[in-house]
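K.L.:
Coordinates only, no sequence provided:
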Ligand SMILES: Nc1ncnc2c1ncn2[C@@H]1O[C@H](COP(=O)(O)OP(=O)(O)OP(=O)(O)O)[C@@H](O)[C@H]1O
């Protein structure tokens, strides 16, 4: 299997008894190396659940996920944690930053956990913060950052362990056009280096910049569109952006 991320007949039901909620009703997805897939759909249709299952943060109720050809089914929690740490970068909707760590410390943490030297982790963290326009905020605690700044720290953190795949839940949700452009430029550069990306978004401009767009509704894929941008990649979604800074 050549896909970096692969799911077959993926199903997820939360709760038990009469309180069952079906979040995913059998989806199939293959994402190739260097490919960016955008996932769109109304609130509650199962987008975040899809990311959590593809990244091994939750176990599915049914179906199978492979990351870099390795099946997650039957993998021990320890191996799963190692795979997440080494191969995957998550951008969560609620950021999940550590309150007591500065921006740069938050960003370097995944790289340190993945075994990088402190010098390499720090220099990559600083470079990533610079790329998302936050070089000057590197020493601040999350409490002293705006919502959009925290979000950009979360994006930088997801990229710090140089992951094979990034799973991003609304990475530009709170950002103005200039900051969105920064984040998309960074993702585009990493995709050019072969990174695989799945981006849940409500922003049509972010979606338009992906290689493939999947529309979800009620736990299933209702439409898949392959987009073509010539060689522009994500940046082609940025025409006319970023001029307000
Ligand atoms: N931990 C949970 N326990 C129970 N139900 C859950 C849980 N997580 C999600 N759900 C339910 O599963 C369904 C899909 O949720 P999910 O968060 O995947 O949707 P989403 O498309 O990402 O929504 P949004 O765009 O609002 O983030 C929803 O009905 C949600 O209420």
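P.N.:
Noted; the coordinates are in hand. The structure displayed is predicted, hence computed values, not measured ones.
K.L.:
roughly how far out does the biggest helix by length in the chain sit from the chain middle?
P.N.:
Counting residues, the longest helix in the chain under DSSP state H turns out to be helix 177-192. Between the centre of helix 177-192 and the centre of its chain there are 13 Å (CA atoms, centre = their mean, to the nearest Å).
K.L.:
buried ones in it?
P.N.:
177, 179-188, 190-191 (16 or more other CB atoms under 10 Å). C-beta here means a position set from N, CA and C on the backbone, and glycine is covered the same way.
K.L.:
In TSV, list the residues you listed along with pLDDT and distance to residue 222.
P.N.:
Conversion of the buried residues of helix 177-192 to TSV gives the following (pLDDT from 0 to 100; distance: CB to CB, whole Å):
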residue	pLDDT	distance to residue 222
177	88	29
179	85	31
180	88	26
181	87	29
182	85	32
183	85	27
184	87	25
185	85	30
186	84	30
187	86	25
188	85	27
190	84	29
191	85	25
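K.L.:
can you map out the strands along the chain?
P.N.:
Taking DSSP state E as the criterion, the chain carries its strands at 5-14, 21-31, 36-40, 62-67, 70-71, 88-91, 165-169, 196-200, 212-217, 220-226.
K.L.:
which parts of the chain sit against the ligand?
P.N.:
Along the chain, the residues adjacent to the ligand under the rule CB under 6 Å from any ligand atom are 14-15, 21, 23, 41, 43-49.
K.L.:
among those residues, which ones are buried?
P.N.:
23, 41, 45-49.
K.L.:
Which one of the strands of the chain lies nearest to residue 136?
P.N.:
Of all the strands of the chain, strand 88-91 sits nearest to residue 136, with 21.7 Å by CB to CB.
K.L.:
helices or strands up against that closest one?
P.N.:
With contacts defined as 3 or more CB pairs under 8 Å, 6 or more residues apart in numbering; DSSP states H and E, the secondary structure elements packing on strand 88-91 are helix 147-159, strand 165-169.
K.L.:
Tell me the spacing between residue 12 and residue 48.
P.N.:
Between residue 12 and residue 48 the distance is 10 Å, computed by CB to CB, to the nearest Å.
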